[in-house]
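Q: Here is my input; please provide its structure:
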Amino acid sequence: MRYHIDTIALWDVLKAGDECPLCLLRRKTEHQMADRYLGASVMEPDTRIRVNEKGFCPSHQRMLFDRQNRLGHALMMLSHLQELRKRLPDALSQTAPTPSPGLLARLSGRNGREAPPENGVLALAQGCVMCDHLHMTMDQYGHALLHLWKTDQRFRDLFAHSKGLCLVDTGTLLALSGEVLSGQQKEEFCRQAAKLLQENLERLEEELNWFTRKFDYRNAEAPWGNSRDALERTANKLRGWCIGKDPGLNET
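A: Prediction:
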């Protein structure tokens, strides 16, 4: 079952009181993965095979580089580069010289996880072993959260009094709910998740509005309240964590 995963982590992040416990857990998981890839696992054959095939996306390249383990990072990249060069001739032969309609528009964002079938070279530049691992792990955590909500009244009460989830994770959990919950339980969870999202977006709107009003000289002496980081929390609530203090780091 997908919910057979360490559920202690779900309890911990829900108790932390962040805007989205799954964003907190996702970022913590990313940092743990980066440490593992640059640790002893760099020499493990199965890890090397996955890295050779997929490589890392720009975001995870930066995360690995920021750890200043240049040798470990370089060893992985050397192995990946050597494998990529073996596959390059076939990729070049499979790449159409003229892009299909709309291809350039699709490539401009550089966020797609799949290359067009006519572009074998682009396929070599996409994919990320850490992204794949993270997607699988967070899918398991999503199912585990729903299972805890279904089976543990204490967890359900804690979730009901939390700040809910970000917009992205709310949508994901609503979509996953049918795989774990059914009937009245599914309806209740969807109702509760939607209510938490609506209430907390309203709260953030008020805090962000006060943040903007604080720049009016007439409000210079008024207290900030909870609005000092309203911009960061609003952006993160709407799209998942992306700016501000990294929730996955134990910073003071």
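
Q: CA atoms of stretch 208-222 as PDB?
A: Once side chains and other backbone atoms are set aside, the C-alpha atoms of stretch 208-222 remain, and they are given as PDB (Å, rounded to 0.1, in the frame of the first residue of the first chain):
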ATOM      1  CA  LEU A 208      -1.000  40.800   2.400                       C
ATOM      2  CA  ASN A 209      -3.300  43.800   2.100                       C
ATOM      3  CA  TRP A 210      -2.000  45.200   5.400                       C
ATOM      4  CA  PHE A 211       1.600  44.500   4.200                       C
ATOM      5  CA  THR A 212       1.000  46.800   1.200                       C
ATOM      6  CA  ARG A 213      -0.700  49.400   3.300                       C
ATOM      7  CA  LYS A 214       2.300  49.500   5.700                       C
ATOM      8  CA  PHE A 215       4.200  51.300   2.900                       C
ATOM      9  CA  ASP A 216       1.800  54.300   3.200                       C
ATOM     10  CA  TYR A 217       3.600  56.800   5.500                       C
ATOM     11  CA  ARG A 218       0.300  57.200   7.400                       C
ATOM     12  CA  ASN A 219       0.700  53.600   8.700                       C
ATOM     13  CA  ALA A 220       4.400  53.800   9.400                       C
ATOM     14  CA  GLU A 221       3.900  53.700  13.100                       C
ATOM     15  CA  ALA A 222       1.200  51.000  13.100                       C
END
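
Q: residues in contact with that stretch?
A: Contacts made with stretch 208-222 from outside it, assessed by Cβ atoms under 8 Å, 6 or more residues apart in numbering, are listed as 224-225, 227-228, 230-231, 234. Where C-beta positions appear, they are placed from N, C-alpha and C, glycine not excepted.

Q: next one: stretch 221-232 to chain centre, how far?
A: Taking the mean C-alpha point of stretch 221-232 and that of its whole chain, the gap between them comes to 26 Å (Cα atoms, centre = their mean, to the nearest Å).

Q: Between the two ends of that stretch, what distance do you get?
A: One end of stretch 221-232 to the other measures 23 Å (Cα to Cα, to the nearest Å).

Q: Any buried residues in it, and which?
A: Buried residues in stretch 221-232, counted by 16 or more other Cβ atoms under 10 Å: 227, 230-231.
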